[in-house]
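S.K.: got a predicted structure here, sequence first:
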Amino acid sequence: MSNVVDEYMLGRRDDACVERNVLCVLNKKRRRMGKTTNLAGSSGALTLFISSLLVASASAQTSTLGPLTGAEYVAAHGALPDWNGAWSHASRSSLMFDPENYSAPPDPIGGAGFGPLPGSKLTGVPYKPEYQRQYDKTVADTAAGKAADGVALGCRPYGMPRVMAAIPSPPQIVMTPDVVVMVSDVETRLIYTDGRKHPTGDAASALWDGHSIGQWEGDTLVVDTTDMFAGSYDQTDARYSDQIHVVERIRLIDRNLLQNEMTITDPVMLTRPWKVTRQYRRATSKWPDRTYSNCGPDESIDMSEGHQRLVLPSERAADRK
């Protein structure tokens with residue numbers, strides 16, 4: 001088994017086979033050994049193989065680390081801070097990208113709405129004048145019911161850096177020695193900690209969550225993210241360009257409070273680096289059932305009043321009668 005895992009991790013495998021199904025690597029190896037059993041039906045072998053693959057990054061040829069033995073893996077995993085599990089926003093203004101620097105109109109229904117009120121605005125973004133004017137117009141149009149952030153209208157990813165701040169629920173986190181996995185409602189972010197560099201040239205391509213590499217400085221994970229699509233920071237539709245670059249310093253500040261200090265640069269739209277700090281509180285249930293989704297077949301988002309309102313399945317059913 002270890003030889004098969006080594007073969008996968010060191011790149012001596014059929015890439016197309018791996019992309020289709022990692023089990024085909026194992027089965028090809030067994031055929032070369034004269035064994036015909038298909039291990040897709042062997043739960044023990046499958047569990048061991050998949051567990052071993054977690055030690056490797058998703059692209060083994062770019063990793064600078066060799067495979068770890070079982071004992072080495074346990075030791076490396078045990079040395080990591082425990083971020084595992086689900087988290088919630090620690091700020092009351094969780095859907096504003098910068099929870100400390102924003103303005104909002106009076107709330108006539110006492111916080112019962114879904115998302116920021118129309119006319120809410122980030123006040124600390126160091127936009128260049130032309131982009132500040134664009135943002136001011138967007139805010140005014142939204143307040144008048146003429147414009148709205150469109151991300152919630154469909155089931156596309158929120159993208160970085162919004163996924164770390166201005167979404168209904170922060171990611172669930174899974175820690176491994178080579179990659180930190182962050183799973184959100186409609187996307188999965190991977191932070192590689194195996195020593196690789198960002199891809200360059202033809203190997204580089206834009207992704208919703210960009211390409212993230214991290215290194216540990218004591219108990220702080222310093223994450224560098226590049227190659228993101230242009231998008232918006234939050235529901236106020238404050239925009240950023242595809243030249244955005246994000247550096248995060250993520251650490252536990254107590255057992256149940258995780259802090260993320262983000263420094264954002266965007267040479268197209270910003271005059272200087274922009275610093276935003278977010279905090280996440282550990283959920284009472286470490287691995288709760290995921291109940292939030294904006295992608296259910298009987299759910300939809302009503303934007304007719306210039307802001308998001310979740311339409312429940314029962315309401316949609318009543319409309320169809």
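M.R.: Ah, there it is.
S.K.: show me the shaky parts of the stretch 1-150 of the chain.
M.R.: Low-confidence segments of the stretch 1-150 of the chain, defined by pLDDT under 70: 1-68, 92-93, 108-115, 147-150.
S.K.: how about the longest helix along the chain: buried residues?
M.R.: Taking DSSP state H as the criterion, the chain has its longest helix at helix 129-143. Residues of helix 129-143 classed as buried: 131, 134-135, 138-139, 142-143 (neighbour count, 16 or more other Cβ atoms under 10 Å). Every residue, glycine included, has its C-beta placed from N, CA and C.
S.K.: run through who's touching the helix or strand immediately after it in the chain.
M.R.: Following helix 129-143 in sequence order, the next helix or strand is strand 172-175 (DSSP states H and E). Applying Cβ atoms under 8 Å, 6 or more residues apart in numbering, the set of residues contacting strand 172-175 from outside is 77, 80-87, 180-184, 287, 290.
S.K.: tell me what the helix or strand just after strand 172-175 is packed against?
M.R.: Using DSSP H and E, the helix or strand that follows strand 172-175 towards the C-terminus is strand 179-183. When contacts are defined as 3 or more Cβ pairs under 8 Å, 6 or more residues apart in numbering; DSSP states H and E, strand 179-183 sits against strand 172-175, strand 188-192.
S.K.: what do you get if the cut-off is 10 Å, keeping everything else the same?
M.R.: strand 172-175, strand 188-192, strand 211-217 (3 or more Cβ pairs under 10 Å, 6 or more residues apart in numbering; DSSP states H and E).
S.K.: tabulate these (CSV), appending distance to residue 205, mean pLDDT and mean neighbour count.
M.R.: Output for those, formatted as CSV (distance: least, Cβ to Cβ, whole Å; pLDDT from 0 to 100; neighbours: other Cβ atoms under 10 Å):
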stretch, distance to residue 205, mean pLDDT, mean neighbour count
strand 172-175, 25, 94, 18
strand 188-192, 15, 96, 20
strand 211-217, 9, 97, 17
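S.K.: closest one to residue 231 among these?
M.R.: Across these, residue 231 has its closest neighbour in strand 188-192 (14.0 Å, Cβ to Cβ).
S.K.: what angle do strand 179-183 and that closest one make with each other?
M.R.: Orientation check (axes from the mean of the first three to the mean of the last three Cα atoms, to 10 degrees): strand 188-192 against strand 179-183 gives 170 degrees.
S.K.: what are the pairing partners of strand 188-192, and which direction each?
M.R.: strand 179-183 (antiparallel), strand 211-217 (parallel) (DSSP bridges).
S.K.: contacts for stretch 122-140?
M.R.: Contacts to stretch 122-140, defined as Cβ atoms under 10 Å, 6 or more residues apart in numbering, come from residues 96-98, 100-103, 116, 118-121, 146-149, 166, 232-234, 236-241, 264, 266-276.
S.K.: list buried residues within the residues you listed.
M.R.: Buried among the contacts of stretch 122-140 by 16+ other Cβ under 10 Å: 96-98, 102, 116, 118-121, 147-149, 166, 232-234, 236-240, 264, 266, 269-270, 274, 276.
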